[in-house]
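Sequence below, structure please.
(4 chains, ligands or ions: 4)
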Amino acid sequence: MNLSSVDFLIQEAFTGIKRNGLMAFASISTIALSLGILGTFVLVALGANHFMASQIGKFEIAVYMNEKIDLTQTQAAADKIGKMPNVASAVVLSKEEEWAQFKRTNPNIESAGLQHNPLPHSIDVRVTDASQTTSMANKIRLMDGVNTVRDGREELRRVMALARVVRGVSAAGVIVLLVTATFIISNAIKLTLYARRREIRIMKLVGATNWFVRVPLIVEGVVFGAIGAIAAWLLLKLGGVYVAQTVEKLPFMAQFSSDIPSSVLALGLIIVGIAIGAAGSFVSIRRFLRD
Amino acid sequence: MNLSSVDFLIQEAFTGIKRNGLMAFASISTIALSLGILGTFVLVALGANHFMASQIGKFEIAVYMNEKIDLTQTQAAADKIGKMPNVASAVVLSKEEEWAQFKRTNPNIESAGLQHNPLPHSIDVRVTDASQTTSMANKIRLMDGVNTVRDGREELRRVMALARVVRGVSAAGVIVLLVTATFIISNAIKLTLYARRREIRIMKLVGATNWFVRVPLIVEGVVFGAIGAIAAWLLLKLGGVYVAQTVEKLPFMAQFSSDIPSSVLALGLIIVGIAIGAAGSFVSIRRFLRD
Amino acid sequence: MIHLTDVFVEYDNGVRALNGLNLSVDKGEFAFVVGSTGSGKSTFLRLLYREVAPSEGSVVVNGEDVANMKPADVPYLRRKLGIVFQDFKLLPQKNLWENLAFALRVIGASPRDIRRRIGDALALVGLTHRCDSFPHQMSGGEQQRAAIARALVNNPTLLIADEPTGNLDPDTSWEIMQLLDQINIRGATVLVATHDSQIVDRMKKRVIQLDSGYLIRDENKGTYQQIES
Amino acid sequence: MIHLTDVFVEYDNGVRALNGLNLSVDKGEFAFVVGSTGSGKSTFLRLLYREVAPSEGSVVVNGEDVANMKPADVPYLRRKLGIVFQDFKLLPQKNLWENLAFALRVIGASPRDIRRRIGDALALVGLTHRCDSFPHQMSGGEQQRAAIARALVNNPTLLIADEPTGNLDPDTSWEIMQLLDQINIRGATVLVATHDSQIVDRMKKRVIQLDSGYLIRDENKGTYQQIES
Ligand SMILES: Nc1ncnc2c1ncn2[C@@H]1O[C@H](COP(=O)(O)OP(=O)(O)OP(=O)(O)O)[C@@H](O)[C@H]1O
Ligand SMILES: Nc1ncnc2c1ncn2[C@@H]1O[C@H](COP(=O)(O)OP(=O)(O)OP(=O)(O)O)[C@@H](O)[C@H]1O
Ligand SMILES: [Mg+2]
Ligand SMILES: [Mg+2]
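Numbering: from 1, shown residues only, chains lettered A, B, ... in the order given. Ligands and ions are numbered 1, 2, ... in the order given. Purely as a prediction, here's the structure:
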């Protein structure tokens, strides 16, 4: 296969697309919608994952003072901790602030009949070297007025466990949707080829090899996949803007937005689109080439 | 159109399906997968909704005792309330039980540095007549040892607001998926018709009216839709069993399972499948009947 | 039966297929349409069953104005006609029997009627043994005869045959022509576009000759070639 | 060039299309294949380019065993042949020029070569003015000539034509036959299945006659009908 014939085969694919407007539209829109749904799910899954990950950084060492200890005493303890080696920062969190914050993220706490703020003052300590966390926690634990010290281990474990579940469920969801999208897209391609079975037979009768028939159709699948992916990306962008506008009021949604750049998303969709398009065409053509 | 010709047209549809195995398979599986995804989303949405709704019934009148009041005193107050008119039941909830339960559903409460159970004992009062709730609450509020009485109004409002959001988001999701599924399915049907455009032209040339050409194809669409819907239902059943087995450990998932009976689900899917199949065929045929 | 007045046909791509055709065919006539390839024979026939519409002029078939017919009325026009297409146009997903049955179902024939009439038509063209075959399982000539059988099966008042013997051997061709003649004698109007000079010469029927979309000859008891005199 | 030994062909539906055919055609020969409709002419030709495989017997074309050929080799066999199909088999989505270009692309011709050869072939069959038309925009005879042009365009060593003049008027038919004769004189082997008795009689070439799948006559300088003697 020399260069001019590669050229010809690609040209073939494009005239094919042009002359079969309906087919092209149906295939491309099917691909776009399938990938759009898939992409939505991937975004939500990534967002959830990102949310989980963002939680991890929150826990380093939490120092809860005795209930008797007031804010000034807490501040003094914080200053002391701040001067210890390996400590990056030691910030006082007043019980009032914490309680307000807690109620905001856990609205149902209020319905449980609480009659006063049950929280103590606390200090948020960040270390410069994560490996020192435990030894630091042990030192702080011995200080006056300190009731409990959490070195984030347990929280981390809890969050990680939840993250694993979320990751597992969303990975399963993405795989199911990927399989579904692949199947739907390859069905669409199969039907467009079915509509052209006569054409394929004629090509073979005038001496075309299987590859000569296949290449333009695979190129066509690739082009459909790529265009469909771009359309899906646009849909997601538009949908994302719309959702962002309407659901903005929900505070917990903001935490869910993922930080993958839109170019990566576009690239990912296009790769998946092209892969499905090419593979779908390749597999579907086989049955029409047999005779 | 007499009976025998209706008979004939339906027969036509079935031989059509039989002779176009590939097309039938591709269309039906596309429908099944689209409806399957749609169905999954509907189930999740209904589950979330159901969870919300189930929360509503939980609040009628919550009576929180003073912190000093112990369990025996609380029980006495509950007995007194139980004898009041319009009261269906008055159950004591010990602070220990409530706290254990609360920690279970709000695992992050523990990480907030709580040093003792902050909850008081409480009484769950259910009334026989919902319209009496407020006046009952006012009566109870005057009793000895009672600290706060919540008549569920606020909670209800809060839950209802959340429920509205969940409902809105899931309704939007269902609509987007429904539109997507309709589009994908009608694309598949369009492609099967495209493959048969020559056949349709010939039928018109031997004197078939548009309806004569249309009816078998619509019947075909209906059959595809129905079979696809049944397949989608089976997929959901199998998927549901699988998910239930693997995600059983997650406590919050149990609350999300919906209670719509599987026959209603099946019926719904079949109706949607048939509607999309029929409408998809009907709309798609038009362009092939023009000349 | 058929009246064409100043008919022009121009296809989408600008090709002028008919140029001011004026022509009448009476009920019960038998006429051949001849002319070199691309002269407009098929286009003329397509006008009669409204597969193409004239860009100018009027076409009246059976007293109906075909040129300005509503699309919804076209099927009813076609049901009264029997048409043998140059490229057969058999339904590829239906076997021979079903192809004929479809044409009869369309006009609302009863199941018993359908069985009888299909049996008769297949016997006439000698394809009874092929009734289970799909078009792609038949030879060229068999497909052609199948197309003829389908055109005959609904007892048309006007039979239009476009090159009905192009794939048939001379003997079978002659038999088919005798068949069309029989149908004509029983009262149907018959129009046959053909290149088969032997048949035209032997049948001695009216001959309509087209050339580049112009009517250049129209004579009764004519021959395929104009006899130079 | 072509050697058939005890060839039987039975189609999927049980129809016996060829019954023990023994036949040889030498390089450079010109032969007509005749026989009534359904006698097996097309089936015989299809054997040569491996559209059907014999259920029994051997088929050798150009020294290659076609009956047992690997599927991957079939395209290379076909590229050396020129085939006019009874139903034309033009690519519906390509216009005339592209149809011919495709056949040349397949054999790897250069763009300049392609332009020149298509120009020549279209001029030979008189379709230069139709090169932008799609098959459905051409008359029956034009499609047939397009199919012939495609078969000629790659200078085949063996030209197989199945009913190449069924849709052509006698003058055009004769011109096409002269064309095939020219190609034959230039060295190609030519096999033509036809029902056109005038042409067969006039050309005085070898005639192979089939009947119900049996070879019943094979004579040089023969006529369409066996001359009773
Ligand atoms: N694909 C097929 N499947 C089954 N039977 C077939 C198939 N093709 C041809 N036949 C049958 O085989 C027999 C020979 O067919 P063939 O096409 O070779 O005839 P032919 O001589 O070319 O006839 P014609 O002159 O009508 O073209 C016929 O009876 C036909 O019905
Ligand atoms: N659908 C179409 N679109 C454009 N041009 C067409 C179309 N059909 C036919 N033509 C052109 O119109 C002219 C007349 O075609 P028509 O089919 O009527 O010829 P014909 O006399 O039937 O020829 P033949 O004997 O070859 O069948 C031809 O030049 C043809 O190319
Ligand atoms: Mg014609
Ligand atoms: Mg044949």
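
going forward, measure contacts and count neighbours with C-alpha atoms only.
Noted.

Who's the closest spatial neighbour of C:T165, skipping the chain neighbours?
C:S173 (5.4 Å; CA to CA, 6 or more residues apart in numbering or on different chains).

same check, this time on A:Y194
B:A195 (6.5 Å).

Enumerate every residue touching that neighbour.
A:191-192, A:194-196 (CA atoms under 8 Å, 6 or more residues apart in numbering or on different chains).

quick one on the thing from earlier: any idea how far the residue nearest to C:T165 is from D:L127?
29 Å (CA to CA, to the nearest Å).

Same question for A:V6.
Counting by CA to CA, the gap from A:V6 to D:L127 is 29 Å.

quick one: which of those two has more around it?
D:L127 (18 against 14; other CA atoms under 10 Å in any protein chain shown).

pretty sure the more buried one contacts D:Q144?
No. D:L127 lies out of contact with D:Q144 (CA atoms under 8 Å); the separation is 10.7 Å.

picking up where we left off before, just want the phi and psi numbers for the residue nearest to A:Y194.
phi -60, psi -20 (degrees, to the nearest 10).

The residue nearest to the spatial centre of chain A in helix, strand or coil?
Nearest to the geometric centre of chain A sits A:L46, at 1.9 Å (CA atoms, centre = their mean). Put simply, A:L46 is helix when judged by DSSP: H, G, I helix; E, B strand; the rest coil.

From A:V169, how far off is it?
12 Å.

what helix or strand is A:F41 on?
A:F41 is part of helix A:21-56, with elements assigned from DSSP states H and E.

what's the next helix or strand after that helix packed up against?
Where DSSP H and E defines the elements, the next helix or strand beyond helix A:21-56 is strand A:61-65. If contacts are counted by 3 or more CA pairs under 8 Å, 6 or more residues apart in numbering or on different chains; DSSP states H and E, strand A:61-65 sits against strand A:122-127, helix A:133-141, strand A:146-150.

and among the ones you listed, the most buried is which?
Between the helices and strands packed on strand A:61-65, the one whose residues have the most neighbours on average, counting mean count of other CA atoms under 10 Å in any protein chain shown, is strand A:122-127 (a mean of 22).

Parallel or antiparallel, which strands does that one pair with?
strand A:61-65 (antiparallel), strand A:87-93 (antiparallel) (DSSP bridges).

immediately after the shortest one, which helix or strand?
By that I understand strand A:61-65. Trace forward from strand A:61-65 with DSSP H and E and the next one is helix A:71-82.

Pull out the buried positions in that following helix.
Burial within helix A:71-82, assessed by neighbour count using 16 or more other CA atoms under 10 Å in any protein chain shown, is assigned to A:71, A:74-75, A:77-78, A:81-82.

again with stretch C:106-124
C:106-107, C:109, C:114, C:117-122, C:124.

So A:E96 belongs to a strand, correct?
No. Assessed by three-state DSSP, A:E96 does not belong to a strand; its assignment is helix.

what's the closest of the helices and strands packed on strand A:61-65 to ligand 3?
Ligand 3 sits nearest to strand A:122-127 of all those, at 89.8 Å, using CA to the ion.

How about A:A24, nearest residue that isn't a chain neighbour?
Per CA to CA, 6+ apart, closest to A:A24 is A:I17, 6.0 Å.

How many residues are close by the one you found?
20.

Rounded mean pLDDT for whichever strand or helix holds it, please.
For A:I17, the element it lies in under DSSP H and E is helix A:3-19. Averaged over helix A:3-19, pLDDT sits at 75.

Buried residues in that helix, which are they?
A:5, A:9-10, A:12-14, A:16-17.

do stretch C:17-30 as well
Of all the residues in stretch C:17-30, those buried under the rule 16+ other CA under 10 Å are C:17-22, C:25, C:27-30.

re earlier: give me the pLDDT for the residue nearest to the centre of chain A.
77.

what's the spacing between it and ligand 2?
55 Å (CA to the nearest ligand atom, to the nearest Å).

what do you get for A:A229?
37 Å.

and A:M84, backbone torsions?
Main-chain torsions, A:M84, degrees, to the nearest 10: phi -70, psi 150.

Now the residue in the stretch 1-150 of chain A that chain C sits nearest to. Nearest residue, chain neighbours left out?
Nearest residue of the stretch 1-150 of chain A to chain C: A:R19, at 16.0 Å (CA to the nearest CA). Distance criterion CA to CA, 6+ apart; nearest residue to A:R19, sequence neighbours excluded, is D:Q93 at 6.8 Å.

Please report the number of neighbouring residues for that neighbour.
17.

That one touches D:D132, doesn't it?
No. With contact taken as CA under 8 Å, D:Q93 and D:D132 are classed as non-touching, separated by 11.8 Å.

so residue 216 is in which element?
Looking at chain A here, since you left the chain open. Going by DSSP H and E, A:P216 is in helix A:210-247.

switch to chain C, that's the one I care about
Going by DSSP H and E, C:I216 is in strand C:214-219.

what packs against that strand?
Applying 3+ CA pairs under 8 Å, 6+ apart, one finds that strand C:214-219 makes contact with strand C:16-25, strand C:206-211.

Reformat those as CSV; add distance to ligand 1 and mean pLDDT.
As requested, the helices and strands packed on strand C:214-219 are arranged in CSV below (distance: least, CA to the nearest ligand atom, whole Å; pLDDT from 0 to 100):
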stretch, distance to ligand 1, mean pLDDT
strand C:16-25, 30, 94
strand C:206-211, 27, 96
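
between these, which gets nearest to ligand 2?
Proximity to ligand 2 (CA to the nearest ligand atom) singles out strand C:16-25 among those, at 4.3 Å.

Provide the strand pairings for the next helix or strand after that closest one, with the direction of each partner.
Next in sequence after strand C:16-25, counting helices and strands by DSSP H and E, comes strand C:30-34. Counting by DSSP bridges, the strands paired with strand C:30-34 are strand C:189-193 (parallel), strand C:206-211 (parallel).

any idea of the angle strand C:30-34 forms with strand C:214-219?
Between strand C:30-34 and strand C:214-219, the angle comes out at 140 degrees (axes from the mean of the first three to the mean of the last three CA atoms, to 10 degrees).

Okay then, goodbye and thanks.
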